[in-house]
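A.B. asks: how would this look folded up:
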Amino acid sequence: MSQGTDETTDRQVPPPASPAALAYSTENCTLGRTMAVLGERWCVVVLREVVNGVRRFDDIRRHSGIPRQVLSDRLSTLVDQDLLRREPYRVPGGRERHEYRLTTKGRDLYPALVALSAWGDRYLADPEGPPVEFAHRDCGARVRAVLECEQGHRLDTPHEVVPRPGPGVRPFAG
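C.D. replies: I've put the predicted structure just below:
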C-alpha cells in the first residue's frame, strides 16, 4: 500500500496499519456463536416476551404475532440452549401445558437486552418515546446498561474500550 497526501497540509501520510484482529481466527468467536443462537429476529422477540412476563405459548404467539411453527422452533432452540426452561402448568379441566421461564443463562442476557432496547429507544422509537422502559424495582429509576472495567471504572464512550486477544485466541490460517 502506498502513502497518501493529507490534502489539508500537503504532508505525506503513512498508510493505515492493518488491524491486529486480522492475525486472529474467527472460528471460535464467541460473538459469532452468540449470534448463531440469538441472531434470528424471533429468538430475541421470544426473550422479550418472557422478560415482560408473557410466558405461555398461546399468549406469546398472540402477543408477538409469531407464526405457530416458528414459535415452537424458537422455544425449542432457547430451551435446548438452556436460556429458557419449561415449567408445567394445568388449567382446571385441561391438559398439562408449559410456560417458559428464564434460566440463569437466560437472565445473564438481561444487560444485553437492556442495551439493545436502549439503542432502539434512541434511534427507532416513535416520537412519543419507547413503549417499554426498564426500571429499578426498589426506587423506580430507569435502568441502563453501562460499560465498566473489572477495576470499577465506568467508561463513558466506546472509544475507551479496546479489543485485545483473549486466552482462547487462535492464529488466522488464511
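
A.B. asks: quick one, helices of this structure?
C.D. replies: Using DSSP state H, the helices of the chain run over residues 30-38, 41-51, 57-64, 68-80, 104-107, 110-123.

A.B. asks: Grab the most central residue of the chain for me.
C.D. replies: If you average the C-alpha coordinates of the chain and look for the closest C-alpha using C-alpha atoms, centre = their mean, you land on Ala112, 4.4 Å from that point.

A.B. asks: List the contacts of that one.
C.D. replies: Ala112 is in contact with Ala145, counting by C-beta atoms under 8 Å, 6 or more residues apart in numbering. Just so you know, the C-beta spots here come from the backbone N, C-alpha and C atoms, and that holds for glycine as well.

A.B. asks: The same query, at a cut-off of 6 Å, please.
C.D. replies: For Ala112, the contact set (C-beta atoms under 6 Å, 6 or more residues apart in numbering) is empty.

A.B. asks: same deal with Thr103?
C.D. replies: Neighbours of Thr103 in contact, by C-beta under 6 Å, 6+ apart: 82, 85.

A.B. asks: picking up where we left off before, the helices of the chain into JSON lines, with extra columns for mean pLDDT and distance to Gly93?
C.D. replies: As requested, these are exported to JSON lines (pLDDT from 0 to 100; distance: least, C-beta to C-beta, whole Å):
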{"stretch": "helix 30-38", "mean pLDDT": "93", "distance to Gly93": "37"}
{"stretch": "helix 41-51", "mean pLDDT": "96", "distance to Gly93": "26"}
{"stretch": "helix 57-64", "mean pLDDT": "97", "distance to Gly93": "16"}
{"stretch": "helix 68-80", "mean pLDDT": "97", "distance to Gly93": "23"}
{"stretch": "helix 104-107", "mean pLDDT": "98", "distance to Gly93": "31"}
{"stretch": "helix 110-123", "mean pLDDT": "95", "distance to Gly93": "36"}
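
A.B. asks: what's the most buried one of those helices?
C.D. replies: Comparing the helices of the chain by mean neighbour count (mean count of other C-beta atoms under 10 Å), helix 41-51 ranks first with a mean of 19.

A.B. asks: want to try JSON lines for the helices of the chain, with distance to Glu150 as columns?
C.D. replies: Shown next, in JSON lines, are these (distance: least, C-beta to C-beta, whole Å):
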{"stretch": "helix 30-38", "distance to Glu150": "18"}
{"stretch": "helix 41-51", "distance to Glu150": "27"}
{"stretch": "helix 57-64", "distance to Glu150": "37"}
{"stretch": "helix 68-80", "distance to Glu150": "29"}
{"stretch": "helix 104-107", "distance to Glu150": "21"}
{"stretch": "helix 110-123", "distance to Glu150": "15"}
